[in-house]
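Q: Got a sequence here, can you model it:
(chains A, B and C)
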Amino acid sequence: MARKSGYSKESQKAKRVRAERILIALEAALPHATTELSHRSPYELLVATVLAAQATDKSVNAATPALFKRYPDAFHLAKSEPENIEPFIKTIGLYKAKAKNLSLLGKKLVDEYGGEVPSDLRELIKLPGVGMKTAKVVLGSAFGIPAIAVDTHLTRLASRLALSKETHPDKISHDLESLFPRDKWVFVHHALILHGRYRCTARNPKCEGCPLFVDCASRGAW
DNA sequence: ATCCCGAGGG
DNA sequence: CCCTCTGGAT
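A: Predicted structure coming up:
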């Protein structure tokens, strides 16, 4: 419980230097960090990311091939009803809400965006089932527009690494984006997710041999 | 703040 | 069995 070590009195400048070392370590450990959600277009990434809410991307990837075959673009999705989508995504959590959102999502993409996925944060957020996290994922991974999407992994790691004391994802995102160079935001997002998924897990993190050990505020706490 | 919600890991 | 998973809408 009690934090054995930390950076409670760390200056902003020291934190910035530490963030820089963390970035270097992540680049060395995860040079090819990118999304693990299978997709071939902004449309597919958008749908996959909506499905990924509170679900593992492995379970999403297991379902999307059949889903994308039946609904290859926004125009096909627009003609769907939630009940038609449910069978394709039943194995994913929260499937009823997601089926409803996807059906509405298709209609809105067609009605208001010509069937294309908008490449603007404010527009993306207006879409059903799309919040700040999903919108930023699409911006960064589909359009190459710098953004740090904060999900469960980023929230946990920002805290453990003492890169942010905030609890609200939007504030954590702001802190992280101020700590890392803009052209590294998308990489940092993916690298921290992979680090969180495979090493710095929620339970029983594998601190032994961790590439971020020396710069971690929680080292030794597990 | 609460609800949604299946699958895999420990 | 309990916890967690690239959250969002109400």
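
Q: all helices of chain A, in order?
A: For chain A, the helices identified by DSSP state H occupy A:12-29, A:42-51, A:57-70, A:74-78, A:82-89, A:95-113, A:121-125, A:132-143, A:152-160, A:169-179, A:185-198, in order along the chain.

Q: Quick one: low-confidence residue ranges for chain A.
A: Counting by pLDDT under 70, chain A contains low-confidence ranges at A:1-5.

Q: and chain A, what are its domains?
A: For chain A, the domain assignment from automatic domain parsing gives the residue ranges A:12-32+A:148-215, A:42-143.

Q: how about a markdown table for those, with distance to DNA strand B and mean neighbour count added?
A: Quick note: C-beta positions are derived from backbone N, CA and C, even for glycine. As requested, the domains of chain A are exported to a markdown table (distance: least, CB to the nearest atom of the strand, whole Å; neighbours: other CB atoms under 10 Å):
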| stretch | distance to DNA strand B | mean neighbour count |
| --- | --- | --- |
| domain A:12-32+A:148-215 | 6 | 17 |
| domain A:42-143 | 2 | 18 |
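
Q: wait, doesn't A:Leu179 sit right on A:Ala14?
A: No: A:Leu179 is not in contact with A:Ala14 according to CB atoms under 8 Å; the separation is 11.8 Å.

Q: Report the closest residue of chain A relative to DNA strand C.
A: With CB to the nearest atom of the strand, the shortest gap between chain A and DNA strand C falls at A:Gly131, namely 2.6 Å.

Q: which residues sit in contact with that residue?
A: Taking CB atoms under 8 Å, 6 or more residues apart in numbering as the definition of contact, the neighbours of A:Gly131 are A:Ile125.

Q: The same query, at a cut-off of 10 Å, please.
A: Neighbouring residues of A:Gly131 by CB atoms under 10 Å, 6 or more residues apart in numbering: A:50, A:53, A:124-125, A:149, A:169-170.
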